[in-house]
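Enquirer: Sequence first, predicted coordinates after that:
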Amino acid sequence: MIKKIVAAAVLFIAVPLIASDVVLPALTGPVVDKAGVLTREQIIKLSAISREFEKVKGSQIAVCIVPTVQPLPIEDFGIKLAEKWKIGRAKISDGIIIIVAKNDRKMRIEVGRGLEGIITDLMAGRIISRIMAPEFRKGNFFNGIEGAMEAMIALINRGELPGISSSEAAADTGVSGRILGITLIVFAVILVILFIVMRKVLPSLLMLAGSYIAVFAAFRVIGTTLTVGESIGITSVIMVHICLFALGAKYALGGSGSSSGSYSSSDSSYSSSSSASYSGGGGDFGGGGSSGDW
Amino acid sequence: MKKIITLIAAVAAVFSLTSCGYNTMQANEEEVLAKWGDVEAAYQRRMDLIPNLVEVVKGYAAHEKDTLTAVTDARSKAGSFQVSKDVMDNPAALQKFQSIQGELSSALSKLMVLVEKYPDLKANQNFMDLQHQLEGTENRINVARVRYNEAVQKFNTSIRTFPNSITNSMLLHLKLKEPFKAQEGAATAPKVNIR
């Protein structure tokens, strides 16, 4: 019996793992070379350029070299990789991924949403055809990639991006709002309970009115404006719930435990990072950039 | 005793409320709307590129009137098409939107095939720049559509499943959203490969 359950559990966990992420390499550092075209020193040098720039400007530049992106087109590979790596700061989305598919002789510059105005498709295309392609044809992968990085760093330095610290501030406002909203809902629930429990008419009606307002305010804080009808509706739902649970608790002393809903946090897990602790900051990509071959 | 019952009831009520899905469904709908905005922006971006593209091609291949007018016509048709607010809830409206943009895609791809006959045009810097931009735009359209469909799927699932379905029918009355369907137009979207 236990064996069966374990087997089922293993199957449940293993199948999705095998089905997804067949080809995407893990983000082990700013430069991931799965095709072995760079020497160790070259990887260190390129990584240093990327890390240094991130320190100064905040933007992340990552490099991914693979033998092939088959069976996907390099554009699809690029966006999938971007979704996995999340290079660039959250909200600002100032990440860049340089993708090189060695055997396909194809490359792509994937540009984060926040940089689309600075590194336009046009500029990315020019960097590919004028800097990367000529060097790649000579077999100088390092020079091509370094040149592309330097060119993009120069572009970003000329453009206007938010400073280093502003990303953290932007990311946290949502959470505190949610906490306030939940607090207000709890407050509303308490008011409703008081309304039910209380004997005197006038104060109890005040409690009820207060709970409507609390519900309204709670949703307002979370980001939805309710109509009067809707807030009354929700409060009534709360009330019905409470009455039902009170009844349930009365008859089946000890109460039936309601299964609390699954609460999915908004993707707070950090994307894969390992050896030298490098990870994407949560940047968003919308398909900007350019592709080319050599 | 009474106090304990009230306490249990309060805790239970809070938990059951967080799982009724009221906020989740609305957040999911907002996401669909946002993703649709991206879809429209990407298509608009493509339309903005076309006049320049036609102009550059004319400089080298003015006598290819049929292909050029086909692109111009398809563009003005797409430009004058009013995307209604309910396009996401309405299968027919989305179908219409998709077929009009699909016509533009196929006209564009014919233009790009034609360009192959004119080496001078292909070497023109202006044209090469436009091609980069067109490629980028086609890719953005693709990404925006995929993400819109993902958002739609998430939203539709969230309003159909219990207990959200009850909350929805009682309070929100949100309608199912329509995803893009893979169609002929998608297959013939111009795959502009240069160099």
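Expert: Sure, I can see it.

Enquirer: so who does residue 81 touch?
Expert: Since you didn't name a chain, this refers to chain A. A:L24, A:P25, A:C64, A:I97, A:I99, A:E110 (CB atoms under 8 Å, 6 or more residues apart in numbering or on different chains). All C-beta spots, glycine's among them, are computed from the backbone N, C-alpha and C.

Enquirer: hm, I was asking about chain B
Expert: B:K96, B:F97, B:I100.

Enquirer: Surely the last one and B:A78 touch.
Expert: I take that to be B:I100. Yes. Using CB atoms under 8 Å, B:I100 makes contact with B:A78 at a distance of 5.1 Å.

Enquirer: Backbone dihedrals for the spatially most central residue of chain B, both of them.
Expert: The centroid of chain B falls nearest to B:V39 when counting by CA atoms, centre = their mean (3.0 Å). Taking degrees, to the nearest 10, you get phi -60, psi -50 for the backbone angles of B:V39.

Enquirer: same question, A:S93
Expert: As for A:S93, its main-chain torsions (degrees, to the nearest 10) stand at phi 50, psi 50.

Enquirer: What residues of stretch A:111-131 count as buried?
Expert: Judged by neighbour count (16 or more other CB atoms under 10 Å in any protein chain shown), stretch A:111-131 contains these buried residues: A:111-116, A:118-129, A:131.

Enquirer: Which ones among these lie within helices?
Expert: Mapping the buried residues of stretch A:111-131 onto helices (DSSP state H) picks out A:D121, A:L122, A:M123, A:A124, A:G125, A:R126.

Enquirer: quick one, what contacts the fourth one?
Expert: A:A124 makes contact with A:I109, A:V111, A:G288, A:G289, A:S290, B:H132, B:G136 under the criterion CB under 8 Å, 6+ apart.

Enquirer: Model confidence at it, what's the number?
Expert: We have a pLDDT of 93 for A:A124.

Enquirer: Quick check: chain neighbours aside, which residue is closest to it?
Expert: A:S290 (3.8 Å; CB to CB, 6 or more residues apart in numbering or on different chains).

Enquirer: in terms of contact, does the one you found touch A:E110 like I think?
Expert: No. Using CB under 8 Å, A:S290 is not in contact with A:E110; the gap is 9.2 Å.

Enquirer: Where does pLDDT dip in chain B?
Expert: Residue ranges of chain B with pLDDT under 70: B:1, B:11-19, B:183-195.

Enquirer: who does the lengthiest strand in chain A pair up with?
Expert: In chain A, assigned by DSSP state E, the strand with the most residues is strand A:285-293. Counting by DSSP bridges, the strands paired with strand A:285-293 are strand A:106-112 (antiparallel).

Enquirer: Contacts for the strand it pairs with, please.
Expert: In contact with strand A:106-112 (CB under 8 Å, 6+ apart) are residues A:69, A:74-75, A:77-79, A:81-82, A:87-88, A:93-101, A:119, A:121, A:124, A:127-128, A:132-133, A:136, A:148, A:152, A:283-285, A:288-294.

Enquirer: try 6 Å
Expert: Here strand A:106-112 makes contact (CB atoms under 6 Å, 6 or more residues apart in numbering or on different chains) with A:74, A:78, A:82, A:88, A:93-100, A:119, A:124, A:132, A:283, A:285, A:288-293.

Enquirer: buried sites along the helix or strand hosting B:F155?
Expert: For B:F155, the host element (DSSP states H and E) is helix B:125-160. The neighbour-count check on helix B:125-160 (16+ other CB under 10 Å) flags B:127-149, B:151-152, B:155-156, B:158-159 as buried.

Enquirer: helices or strands up against that helix?
Expert: Secondary structure elements in contact with helix B:125-160, counted by 3 or more CB pairs under 6 Å, 6 or more residues apart in numbering or on different chains; DSSP states H and E, are helix A:121-126, strand A:285-293, helix B:22-61.

Enquirer: got the phi/psi numbers for A:S211?
Expert: According to degrees, to the nearest 10, A:S211 has phi -70, psi -40.

Enquirer: Wait, it touches A:V192, no?
Expert: Yes. Using CB atoms under 6 Å, A:S211 is in contact with A:V192, at 4.8 Å.

Enquirer: who touches stretch A:215-224?
Expert: Residues contacting stretch A:215-224 (CB under 6 Å, 6+ apart): A:G177, A:L180, A:G181, A:L184, A:I185, A:A188, A:L226, A:S231, A:I234, A:T235, B:Q26.

Enquirer: Redo these as CSV? Include neighbour count.
Expert: Below are those laid out as CSV (neighbours: other CB atoms under 10 Å in any protein chain shown):
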residue, neighbour count
A:G177, 14
A:L180, 14
A:G181, 19
A:L184, 20
A:I185, 24
A:A188, 27
A:L226, 19
A:S231, 22
A:I234, 25
A:T235, 23
B:Q26, 19
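
Enquirer: Okay, and which of those map to helices?
Expert: Per DSSP H, the contacts of stretch A:215-224 map to helices at A:G177, A:L180, A:G181, A:L184, A:I185, A:A188, A:S231, A:I234, A:T235, B:Q26.

Enquirer: how about those residues, which pair is most distant?
Expert: Greatest spacing in the ones in helices among the contacts of stretch A:215-224, by CB to CB: A:G177 and A:T235 (20.8 Å).

Enquirer: How much space separates the closest residue to A:E116 other than its chain neighbours from A:E75?
Expert: The spatially closest residue to A:E116, leaving aside those adjacent along the chain, is A:G288, at 4.3 Å (CB to CB, 6+ apart). Per CB to CB, to the nearest Å, A:G288 is found 11 Å from A:E75.

Enquirer: Could you check which of these two has the larger neighbour count?
Expert: Comparing A:G288 with A:E75 by neighbour count (other CB atoms under 10 Å in any protein chain shown), the higher total belongs to A:G288, at 27 against 23.

Enquirer: on that earlier part again, and the contacts of B:F81, which of them are buried?
Expert: By neighbour count, with 16+ other CB under 10 Å, the contacts of B:F81 hold B:F97, B:I100 as buried.

Enquirer: Closest to chain A out of the contacts of B:F81?
Expert: Chain A lies nearest to B:F97 out of the contacts of B:F81, by CB to the nearest CB, at 19.5 Å.

Enquirer: what about A:G144, distance to chain B?
Expert: 15 Å (CB to the nearest CB, to the nearest Å).

Enquirer: mind listing what that residue touches?
Expert: Here A:G144 is in contact with A:M132, A:E135, A:F136 (criterion: CB under 6 Å, 6+ apart).

Enquirer: likewise B:N23?
Expert: By CB under 6 Å, 6+ apart, B:N23 has no neighbours at all.

Enquirer: Please, where are all the helices along the stretch 1-150 of chain A?
Expert: A:2-19, A:40-57, A:74-85, A:121-126, A:133-137, A:141-158 (DSSP state H, counting those that start in this stretch).

Enquirer: A:V63 contacts A:I97, correct?
Expert: No. With contact defined as CB under 6 Å, A:V63 and A:I97 do not form a contacting pair (7.4 Å).

Enquirer: Can you pull out the low-pLDDT segments for the stretch 51-200 of chain A?
Expert: Across the stretch 51-200 of chain A (using pLDDT under 70), the flagged ranges come out as A:162-177.

Enquirer: What is the burial count for the residue nearest to A:A124?
Expert: Neighbours of A:S290 (other CB under 10 Å): 27.

Enquirer: Could you give the bridge partners of it?
Expert: Under the criterion used (DSSP bridges), A:S290 bridges to A:I109.

Enquirer: Residues of the stretch 1-150 of chain A that sit close to chain B?
Expert: Within the stretch 1-150 of chain A, the positions lying close to chain B (CB under 6 Å from any CB of the partner chain) are A:E75, A:I79, A:D121, A:L122, A:G125.
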